[in-house]
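[1] Fold the following.
(2 chains)
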Amino acid sequence: MEMHDEDYKKRYVFGTDYGTSEFKYGPITQGERPLVVENRGYFPEKTILSQIMGVDREVIVGKDITLFLESGAELATRLIYPMREGIIMKDDVKAWKVVRELMRHALEEFKPKGWGFNGFYVVAALSAVAPRYMYEKFFEMLESMAKEAGLVHSATIISQPLAVAIAHKKTSCVVVESGHGNTQFAPISRAPIRGAVIALNRGGSDANAIMTEILKDAGYGDLAAEETLVRKVKENLGLLPADLNSAISFAKNNPDAVRTVYSVPGTRLKIDLAENSWTRFLVGEYVFNPNHEIFQSYFKRGMPRPRDTKVGDVVFYGMLNMAEAIISAVEKCPVELQPLLYSQILLSGGNFSWRVPEKLKNVCVDSATKIKRMMAEKGIENIEVTMASEPQYSVWRGCIVYGYAVPASYSWSWEKMEGWMNFCK
Amino acid sequence: MVPRTILERNVISYMSRQGLRFDSGSVEEDTLRFVGNSSTYVVKILDDTDGRLELISAALQSAFWAAKGEKPYILVPKNMSSMDEFMVIRLHGIGLLLYGPHGIEELPPIVKNIKHDEMGNEGSVPIKYEEVLQVLERIERLERVVYKVNEIDALVARLERLEVAYNELSNKLLSFEGMRPLHVKPTVQYVPDKIANLNSEIELPSFVKDNPWLDILAGKG
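    Okay, here's the model as predicted:
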């Protein structure tokens, strides 16, 4: 019987990754890459028209969403991104409804027809700093799907950094996962090291914030309000300097080398930072270290300073630089593990994708090199920093491996936060 | 077998009693024609030597006469076919004259949409065509249900046989397990690091293959 359960589980492992902007999902049979939809839900207005069109659902998710979007000022309140900050508040009813509908939609899409199917073994990945009530809510949600629709046999929840480490086949490392709203530093040694996770209240959205200020200063204030455009400009113009002071001096002496014009695809818009082109270096630097004095002028002019916040028991630091955060996390681990952890630092998330233009090779670096430099400044040498390949899929892949390998007979333990919650007893 | 001439005489006598006048007869067609009530009546004669094929042929021929505005009848031995088949012929506006040891019995055509004020003129039975069709449709539906029920019965029987076979196999397996000495470990067991043995049907993705986490995670619990 045990063997039968194992075979069944391996066949029906289903991974789900609630990223800050995208929801990645699919069973093991999906192969190398999961399906991806935006992690958002739309609450349509209950109009006669929508009823005629057969929209009796309270929330719509997935590819259909664009068919229902209405224009207007209410869009922002009707279009919900539940995981923007990685954590959903307990009483955020709408966000929970979106999360539930995404899960139901995903499982229904792959539910096999015919006999022999008794629900999926669902592995859901949540932020390393997700509080316990999020786990409880997820299990409640999955249990109701097991009872109502037979979609779930058993479920488990793992942290996103653990999933990243598993996907990259690293059993001892520090995973640095940087999302839209925050960045997590999670030491892992054959399991997540609880109590050693450090979180920053800083992510891709903060790089967008400084890009917005730079655009305003360069005379593009009217464009600065469009978030998607700002993100594109950041990705195309933002640079990560090896050393900010040297990069700024280089830019002042070689203005033409740093200046470039970004043409927004499909439009007549051309963005040229002109004599402010040196500010391109600020975008990358701000993600890694917002403590440089040059950022003070932006804070004084109204750019919000990343603040320390507390969610549940976890403090999200605002101004800690990345090297300090890694060191803080590692130093919470047993001393004998520390060299091993420093030797494998795994960077994951779109926030670490910085271009190094050929003509700026002397002053710009990629994220791995930047971290190495920052760590060396703190006296920690000979470390290995790796960028995750296809980071957008890492968490889902880790979920699949986890579900595939953890025995079906291993019951969920709240103490260890691992195992299977079985809904088919 | 009743001689053809006697059959013809009996038909002429019967139709005369209904107020119709004999008009003509055709040996080639085996028909007799009568007139009356402003209509021409054609009677197709079948005898004991004819079978179902002749009946079908006569029905088709009669339908052709009906289309021309004549009133067709078929004279048939009473035992030639079932009442259901006679009913179908009548539904197409064809009358039947059944003959047997007790003489001729008329089954008039069933006429569609008979109105009350038209009834009786032609001696037709006032049965509503739609109602008959509804009854036939219901019968057809019931036949389908019966067919499904039979299929379900067959499946249930198959399932029962499978359960018996499953129980037999389970018992055999248990008896084998019982025979295994304690110091001999089961030969079939979960071996996490040999992925190829685990499930040959699923093509494992590259990130699963040779993943050192498989051993660590499989050891949990």
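[2] CA only for contacts and neighbour counts going forward, please
    Noted.
[3] could you check the distance from the nearest residue to B:Gly36 once chain neighbours are set aside over to B:Ile104?
    The spatially closest residue to B:Gly36, leaving aside those adjacent along the chain, is B:Leu20, at 4.9 Å (CA to CA, 6 or more residues apart in numbering or on different chains). According to CA to CA, to the nearest Å, B:Leu20 stands 16 Å off from B:Ile104.
[4] so which strand or helix has A:Val36?
    Counting by DSSP states H and E, the element that carries A:Val36 is strand A:35-38.
[5] Other residues contacting the helix or strand following that strand?
    Going down the chain from strand A:35-38, the next helix or strand is strand A:41-42, by DSSP H and E. The set of residues that contact strand A:41-42 without belonging to it, under CA atoms under 8 Å, 6 or more residues apart in numbering or on different chains, is A:Val59, A:Ile60, A:Val61, A:Gly62, A:Ile65, A:Leu69, A:Arg78, A:Leu79, A:Ile80, A:Tyr81, A:Val98.
[6] So what's the residue count around the residue nearest to B:Gly36?
    Neighbour count of B:Leu20, defined by other CA atoms under 10 Å in any protein chain shown: 19.
[7] Can you report phi and psi for it?
    When read as degrees, to the nearest 10, the backbone of B:Leu20 gives phi -110, psi 150.
[8] Thought B:Val35 was touching it, still the case?
    Yes: taking CA atoms under 8 Å as the definition, B:Leu20 is a contact partner of B:Val35 at 5.6 Å.
[9] Nearest residue to the middle of the chain?
    You didn't pick a chain, so chain A it is. Using CA atoms, centre = their mean, the residue of chain A that lies closest to the mean C-alpha position is A:Gly179, 3.4 Å off.
[10] that answer is for a different chain, and I need it for chain B
    Here the mean C-alpha position of chain B is nearest to the C-alpha of B:Glu140 (CA atoms, centre = their mean), at a distance of 6.9 Å.
[11] when you scan the strand or helix carrying that residue, is anything in it near chain A?
    Of the helices and strands defined by DSSP H and E, B:Glu140 is found in helix B:129-179. No: between helix B:129-179 and chain A, judged by CA under 8 Å from any CA of the partner chain, nothing touches; the nearest distance is 10.4 Å.
[12] just the strands in the stretch 1-150 of chain A please.
    Defined through DSSP state E, counting those that start in this stretch, the strands belonging to the stretch 1-150 of chain A, from first to last, are A:13-18, A:22-27, A:35-38, A:41-42, A:79-80, A:120-126.
[13] what does chain B give?
    When assigned using DSSP state E, the strands of chain B occupy the ranges B:21-26, B:31-36, B:39-45, B:71-77, B:95-100, B:103-107.
[14] Of those strands, which is nearest A:Glu45?
    strand B:95-100 (67.0 Å; CA to CA).
[15] List the buried residues in that closest one.
    By neighbour count, with 16 or more other CA atoms under 10 Å in any protein chain shown as the criterion, the buried positions of strand B:95-100 are B:Gly95, B:Leu96, B:Leu97, B:Leu98, B:Tyr99.
[16] and if you look at stretch A:238-255?
    Residues A:238-244, A:247-248, A:250-252, A:255 are the ones in stretch A:238-255 that count as buried (16+ other CA under 10 Å).
[17] Please name the nearest non-neighbouring residue to the closest residue to chain B within the stretch 51-200 of chain A.
    Closest contact between the stretch 51-200 of chain A and chain B, by CA to the nearest CA, is at A:Lys169 (5.5 Å). Using CA to CA, 6+ apart and skipping the chain neighbours, the partner closest in space to A:Lys169 is B:Asn211 (5.5 Å).
[18] what about the one you found, how many neighbours?
    Residues near B:Asn211, counting by other CA under 10 Å, number 19.
[19] do A:Thr309 as well
    Based on other CA under 10 Å, the number of other residues close to A:Thr309 is 14.
[20] mind giving me the domain split of chain B?
    If you go by automatic domain parsing, the domain ranges for chain B are B:4-114, B:128-187, B:190-221.
[21] Let me know the average pLDDT across stretch A:403-421.
    Per-residue confidence for stretch A:403-421 averages out to 94 on the pLDDT scale.
[22] Buried residues in stretch A:330-345, which are they?
    Burial within stretch A:330-345, assessed by neighbour count using 16+ other CA under 10 Å, is assigned to A:Val330, A:Lys332, A:Cys333, A:Leu337, A:Gln338, A:Leu340, A:Leu341, A:Tyr342, A:Ser343, A:Gln344, A:Ile345.
[23] Next, work out how far apart the fourth one and A:Val176 are.
    In this case it means A:Leu337. In this structure, A:Leu337 and A:Val176 are separated by 17 Å, where distance is defined by CA to CA.
[24] what do you get for the third one?
    Look at A:Cys333 and A:Val176: by CA to CA, they are 16 Å apart.
[25] quick one: low-confidence parts of chain B?
    When the per-residue scores of chain B are filtered using pLDDT under 70, the ranges that remain are B:111-128, B:175-202.
[26] mind running it again at 50?
    Residue ranges of chain B with pLDDT under 50: B:114-116, B:118-120, B:181-182, B:184-200.
[27] which residues in the stretch 301-425 of chain A form strands?
    Using DSSP E, counting those that start in this stretch, the strands of the stretch 301-425 of chain A run over residues A:309-311, A:314-317, A:345-348, A:385-387, A:421-422.
[28] Any idea which of the ones you listed gets closest to chain B?
    Between chain B and these, the tightest spacing by CA to the nearest CA is seen for strand A:421-422, at 12.8 Å.
[29] Give me the distance from that closest one to the chain's centre.
    Between the centre of strand A:421-422 and the centre of its chain there are 27 Å (CA atoms, centre = their mean, to the nearest Å).
[30] Skipping adjacent residues, who's closest to the closest residue to chain B within the stretch 251-400 of chain A in space?
    For the stretch 251-400 of chain A, the nearest residue to chain B under the criterion CA to the nearest CA is A:Arg397, separated by 6.9 Å. Taking CA to CA, 6+ apart, and ignoring the residues beside it in sequence, A:Arg397 has A:Ala167 as its nearest neighbour in space, at 5.4 Å.
[31] what sits against that neighbour?
    A:Ser394, A:Val395, A:Arg397, A:Gly398, A:Val401, B:Phe207, B:Val208.
[32] Excluding chain neighbours, what is closest to A:Pro241?
    A:Cys364 (4.4 Å).
[33] follow-up on the earlier one: nearest to A:Phe288 among the buried residues of stretch A:238-255?
    A:Leu240 (8.9 Å).
[34] Spatially nearest residue to that closest one, not counting backbone neighbours?
    With sequence-adjacent residues excluded and distances taken as CA to CA, 6+ apart, A:Leu240 is closest to A:Gly284, at 4.2 Å.
[35] What would the helix or strand in which the one you found is found look like as PDB? C-alpha coordinates only.
    Element membership of A:Gly284, judged by DSSP H and E, is helix A:280-288. This file holds the C-alpha atoms of helix A:280-288, laid out as PDB (Å, rounded to 0.1, in the frame of the first residue of the first chain):
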ATOM      1  CA  ARG A 280      21.700  55.900 -14.000                       C
ATOM      2  CA  PHE A 281      24.200  54.400 -11.500                       C
ATOM      3  CA  LEU A 282      22.000  55.400  -8.500                       C
ATOM      4  CA  VAL A 283      19.300  53.000  -9.500                       C
ATOM      5  CA  GLY A 284      21.300  49.800  -9.000                       C
ATOM      6  CA  GLU A 285      23.200  51.200  -6.000                       C
ATOM      7  CA  TYR A 286      20.000  52.000  -4.200                       C
ATOM      8  CA  VAL A 287      18.900  48.400  -4.300                       C
ATOM      9  CA  PHE A 288      22.100  47.200  -2.800                       C
END
